[in-house]
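Asker: coordinates only, sequence not included:
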């Protein structure tokens, strides 16, 4: 039964039906005693929709065809109106039935539980993958970038960080991270002019933008940072799209 395609969608509402029938049967031994169960179709927080109602009808039909239940009389009907519906719907309000065989119901509950556990496992794997420590690591104190067996040491200054290290630290703190095609860290795209001024290429934005030589020096600095890292095989890129950003791409 677990591999059989069901003629209805397993919704939280249908799960509730199954649990209530199972609890009723366990309490009153309904499949032996013939005690009649009254099933409330919609609780106060459940809104009927055409799709949900079609699934519900297929569910009750399925239980009857598998001789799990036998209806007693006709269902009580009611008309419901909701703002998300184009028109009112006439839906069953209550079903009264006897439980003939609890096995199909218990098997459906087992299937739901199995599916939920499988989904939870998948979610846990995805969550663990997203939070798995990156293999690309940067130690700001030692100024060493590492990836698996690769390493790159930036030159450190006595009275402060040299331009290459200073630039990389800024980019690292705002990096984007992509793992297996999925972006797990968005980071921030930096304004390259603001960054250039911050690195000391000019006193203010206007003077930098007007000075082609300064712009060329900044561009060369970016290339000087990027070139040895790419040559060694680090999975990163310094993108220049509407700004500048370090992007790590791990497979």
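Answerer: That came through, no problem. If you're wondering where the values come from, they're calculated on a predicted model, not measured in any experiment.
Asker: Tell me how many other residues surround residue 163.
Answerer: For residue 163, the neighbour count with other CB atoms under 10 Å is 17. The way it works is simple: take the backbone N, C-alpha and C, and place the C-beta from them, glycine included.
Asker: scratch that, residue 204
Answerer: Residue 204: 9 neighbours (other CB under 10 Å).
Asker: Next, count neighbours for residue 69.
Answerer: Neighbours of residue 69 using other CB under 10 Å come to 23.
Asker: can you list the residues that contact the longest strand along the chain?
Answerer: Among the segments of the chain that qualify as a strand by DSSP state E, the longest is strand 89-99. If you take CB atoms under 8 Å, 6 or more residues apart in numbering as the criterion, strand 89-99 is touched by 21, 24-25, 30-31, 34-42, 48, 50, 53, 56, 60, 68-73, 75-80, 105.
Asker: For that strand, which strands pair with it and how are they oriented?
Answerer: strand 36-40 (antiparallel), strand 69-71 (antiparallel), strand 76-80 (antiparallel) (DSSP bridges).
Asker: As CSV, those with distance to residue 113 and mean pLDDT would be great.
Answerer: As requested, the strands paired with strand 89-99 are exported to CSV (distance: least, CB to CB, whole Å; pLDDT from 0 to 100):
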stretch, distance to residue 113, mean pLDDT
strand 36-40, 21, 90
strand 69-71, 21, 92
strand 76-80, 31, 79
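Asker: Show me where the stretch 51-200 of the chain has its strands.
Answerer: Along the stretch 51-200 of the chain, counting by DSSP state E, counting those that start in this stretch, strands occupy 69-71, 76-80, 89-99, 136-139, 144-147, 150-153, 176-179, 182-185.
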